[in-house]
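Trainee: Provided below for reference: sequence and predicted model.
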Protein chains: 2
Amino acid sequence: MSAKVPEKFRPILESKALAHLATLMKDGTPQVSPVWFDTVGDRIRINSARGRTKDLNMKARPQVALSIVDPENDYRHIALRGRVVEITEQGADDVIDGLARKYLGADKYPFRQPGEVRVTYLIEIDNVVTMG
Amino acid sequence: MSAKVPEKFRPILESKALAHLATLMKDGTPQVSPVWFDTVGDRIRINSARGRTKDLNMKARPQVALSIVDPENDYRHIALRGRVVEITEQGADDVIDGLARKYLGADKYPFRQPGEVRVTYLIEIDNVVTMG
């Protein structure tokens, strides 16, 4: 059932491209917003904060989709569909710091809000569509 | 019920930013992919081709979402939720040519496939979230 991003498109996953993450609202309608991401094996890892729309959505409805465009070529992209298979607050501060390193070259995530509890989500990919 | 993109964020709609469009698959799971877009009044206009996944999805399930990042600032973006309120093949070839003009500076859409039937969708915005 699970699927992999083809080797040829893996560099997009290593790039600083944002992923546009679609989740499902309570009424079943879609919501989409840009997120930082990295990978753990064949899974996509993202990080958010407790209580945000995407956090509430993914906790209640694990079905998600991601769209990632090559930062060097708008006409080369990856569209993924999958499920959140793990949600944890453990180590989530380290994960967001790691993402700040990837995207900003910073040692620590600079946008932390007082009282914010970070959460990590692992997404198993079920379907991959590539273009370009 | 309908909502507007705040004036301050309208320049993102005029820019060459892609929109990441989320639609719903038959089983209710989300799908998301990058699209060209422009606006007609307060509505978002996109164009696809008959039989594509997003075409089939929007014809059966009008609920969509869009995520648009400022091409000059990754941390400034618009997230929209709404409904497809009009679908037409009439004039759809002119619409895709207009989008090719906006995005490529081309007079005609250069990627047309033999037998392809273009379709235009107008999206009414119900909810706007801005960041940055």
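Mentor: Looks like it came in fine. Numbering: from 1, shown residues only, chains lettered A, B, ... in the order given.
Trainee: So what touches the host helix or strand of residue A:102?
Mentor: Assigned by DSSP states H and E, residue A:102 belongs to helix A:92-104. Here helix A:92-104 makes contact (C-beta atoms under 8 Å, 6 or more residues apart in numbering or on different chains) with A:16, A:36-38, A:45, A:47, A:106-110, A:112, A:117-120. Every C-beta, even on glycine, is put in place using the N, C-alpha and C of the backbone.
Trainee: try it again with 7 Å
Mentor: The contact list for helix A:92-104 (C-beta atoms under 7 Å, 6 or more residues apart in numbering or on different chains) reads A:16, A:36, A:38, A:45, A:47, A:106-110, A:118-120.
Trainee: Likewise for stretch A:114-123?
Mentor: Identification of contacts with stretch A:114-123 by C-beta under 7 Å, 6+ apart yields A:40, A:43-50, A:55, A:58, A:64, A:82-89, A:91-93, A:95-96.
Trainee: and residue A:82, that one's in a helix?
Mentor: No. Read with DSSP: H, G, I helix; E, B strand; the rest coil, residue A:82 is strand and lies in no helix.
Trainee: On the pLDDT front, check it for me.
Mentor: Note on residue A:82: pLDDT of 98.
Trainee: Who is it paired with across the strands?
Mentor: Assessed by DSSP bridges, residue A:82 has beta-bridge partners residue A:64, residue A:125.
Trainee: With adjacent residues omitted, what lies nearest to residue A:132?
Mentor: Spatially, and ignoring its direct neighbours in sequence, residue A:132 is nearest to residue A:76 (3.0 Å; C-beta to C-beta, 6 or more residues apart in numbering or on different chains).
Trainee: Can you tell me the element the one you found falls in?
Mentor: Using DSSP H and E, residue A:76 falls in strand A:73-88.
Trainee: in the helix holding residue A:102, what counts as buried?
Mentor: Using 16 or more other C-beta atoms under 10 Å in any protein chain shown as the test for burial, helix A:92-104 gives A:92, A:93, A:95, A:96, A:97, A:98, A:99, A:100, A:103, A:104.
Trainee: now stretch A:10-30
Mentor: For stretch A:10-30, a neighbour-count test (16+ other C-beta under 10 Å) marks A:12-13, A:17-25, A:29-30 as buried.
Trainee: re earlier: just the buried residues of the contacts of stretch A:114-123.
Mentor: Taking 16+ other C-beta under 10 Å as the criterion, what is buried in the contacts of stretch A:114-123 is A:43-49, A:55, A:58, A:64, A:82-84, A:92-93, A:95-96.
Trainee: What parts of chain A come near chain B?
Mentor: Contact residues, chain A versus chain B (C-beta under 7 Å from any C-beta of the partner chain): A:18, A:20, A:22-24, A:28-34, A:63-67, A:69, A:74, A:77, A:79, A:81.
Trainee: can you pull out the helices in chain A?
Mentor: For chain A, helices defined by DSSP state H occupy the ranges A:10-14, A:53-60, A:92-104.
Trainee: Tell me the predicted confidence for the nearest residue to residue A:34 once chain neighbours are set aside.
Mentor: The shortest distance from residue A:34 to any non-neighbouring residue, by C-beta to C-beta, 6+ apart, is to residue A:18 (4.3 Å). On pLDDT, residue A:18 comes in at 98.
Trainee: tell me the contacts of residue A:18?
Mentor: Counting by C-beta under 7 Å, 6+ apart, residue A:18 makes contact with A:34, A:35, A:36, B:69, B:74.
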